[in-house]
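> generate coordinates for the sequence data below:
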Amino acid sequence: MSVLERCGAAIMSGQIRTIDLTHTLDPDFPVLVLPPQFGQCAPFRIEEVSHYDDRGPAWYWRNFSCNEHTGTHFDAPIHWVTGKDIPNASVDALDPKGFIRPACVLDFTEEVAMDADFVLTADHIGAWEKKHGAIPKGWWVFFRTDWSKRAWKDYLNLKADGAHSPGPDAGAVRLMIERDVVGFGVETIGTDAGQAHSFDPQYPAHTLMHGAGKFGLQCLKNLDQLPPKGALILSPPLKIKNGSGSPLRVLALVEGRPA
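Residues are numbered from 1 along each chain as shown. Have a look, this model is predicted:
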C-alpha cells in the first residue's frame, strides 16, 4: 500500500484517531468586543430558508452570516497591518501546504488557573523545549490553557479595563518566529493576551506573527487530548477572495487508540 493508503486504513481502523478541535458555531458564541470607536465583529446569525415545507417541500437549508473572525477561526497574515504588504497573504492565496502541519502543544493550564493574565515568555518555551526537544520548523505551536472549558459568560472575561486572558509576550513570539513555526493557536478569543494593548509592542502575537507571514488559530478546544508533540493538524480556511480569515473546522490526527 502507498503511504496515503496506509494512513487512510489507520484512520478507519482507529489506529489514528481524529480529534475535533472546533467549537460548535451558533448565535450565542462570544465575539471579540472592541472599543466603541472601532468597527465591531458581527456575531454568527442564521436564517431558515426552508425546512421541508411550502418554501421548499423536499429540502432544508439556511442562510448564515458572520465576521471572518467568528467562532473557531483562522487568521491570515493580511489580517494585521504588519502583514498587509506580504504577497499572497489572504486566505484564498495562501499555499495550502500550510494547512496540514504537525503541532507542539505547550501546556500551561495550572499557571492560567492561578492567573487569568498569565503571560507566556521565551523562558517558558525554553523550559518546554528542554523537556520535549526544540520546536521543529514549520510546525504549529498550540498554547493549552483549558480556557475553552469556561462557560460563555466567562469566556471573554471582560472587566472595567478590558479583557483578561492569557497570551504571549514579544519575546515568546520572536522565539516562535525564530523557530520558523507555521503559526500560533490558542483556546481564547484572540492569539494575544487580553491586556496586550499595554505590551511593547502592542498585540505582539498579531503584530509580529502576521508581520512574519505566520498564521493564527483561535477558539480551539480539546487541546487536552493532544500529545505534547506530533499531532497532525488539518486547518484549511474557507477560500474567501481577499479574506483576512475564516471560520473553519480544525481537526487533529493522533496516533494510538483511546486509553
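> kindly export the particular helix or strand that has Cys104 in it (C-alpha atoms) in PDB.
Assigned by DSSP states H and E, Cys104 falls within strand 100-107. As requested, the backbone C-alpha atoms of strand 100-107 are provided in PDB (Å, rounded to 0.1, in the frame of the first residue of the first chain):
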ATOM      1  CA  ILE A 100      -1.700  20.400   7.000                       C
ATOM      2  CA  ARG A 101       1.100  20.600   9.600                       C
ATOM      3  CA  PRO A 102       2.100  18.900  12.900                       C
ATOM      4  CA  ALA A 103       1.800  20.700  16.200                       C
ATOM      5  CA  CYS A 104       3.600  21.200  19.500                       C
ATOM      6  CA  VAL A 105       1.200  21.700  22.500                       C
ATOM      7  CA  LEU A 106       2.500  23.800  25.400                       C
ATOM      8  CA  ASP A 107       0.500  23.100  28.500                       C
END
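> let me see the contact set for the closest residue to Leu220 other than its chain neighbours.
Spatial nearest neighbour of Leu220, chain neighbours left out: Leu21 (4.8 Å); criterion: CB to CB, 6 or more residues apart in numbering. Where you see a C-beta, it was placed from the backbone N, CA and C, and this is true even at glycine. Each residue near Leu21 by CB atoms under 8 Å, 6 or more residues apart in numbering is listed here: 72, 220-223, 233, 250-252.
> roughly how far apart are Leu21 and Ser235?
Counting by CB to CB, to the nearest Å, the separation of Leu21 from Ser235 is 8 Å.
> got any residues that touch both of the two?
Contact criterion CB under 8 Å, 6+ apart; residues shared by Leu21 and Ser235: 250-251.
> what count of nearby residues applies to Thr188?
Per other CB atoms under 10 Å, the neighbour tally for Thr188 reads 25.
> likewise Trp152?
For Trp152, using other CB under 10 Å, the count is 10.
> gap between the residue lying closest to Gly171 once chain neighbours are set aside and Tyr203?
Spatial nearest neighbour of Gly171, excluding adjacent residues (CB to CB, 6+ apart): Ala122 at 4.0 Å. When CB to CB is applied, the distance between Ala122 and Tyr203 equals 17 Å.
> still on that earlier bit, go through the strand holding Cys104 and flag the buried ones.
101-107 (16 or more other CB atoms under 10 Å).
> can I get these in JSON lines including pLDDT and distance to Lys130?
Output for these, formatted as JSON lines (pLDDT from 0 to 100; distance: CB to CB, whole Å):
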{"residue": "Arg101", "pLDDT": "99", "distance to Lys130": "23"}
{"residue": "Pro102", "pLDDT": "99", "distance to Lys130": "20"}
{"residue": "Ala103", "pLDDT": "99", "distance to Lys130": "19"}
{"residue": "Cys104", "pLDDT": "99", "distance to Lys130": "13"}
{"residue": "Val105", "pLDDT": "99", "distance to Lys130": "16"}
{"residue": "Leu106", "pLDDT": "99", "distance to Lys130": "13"}
{"residue": "Asp107", "pLDDT": "99", "distance to Lys130": "14"}
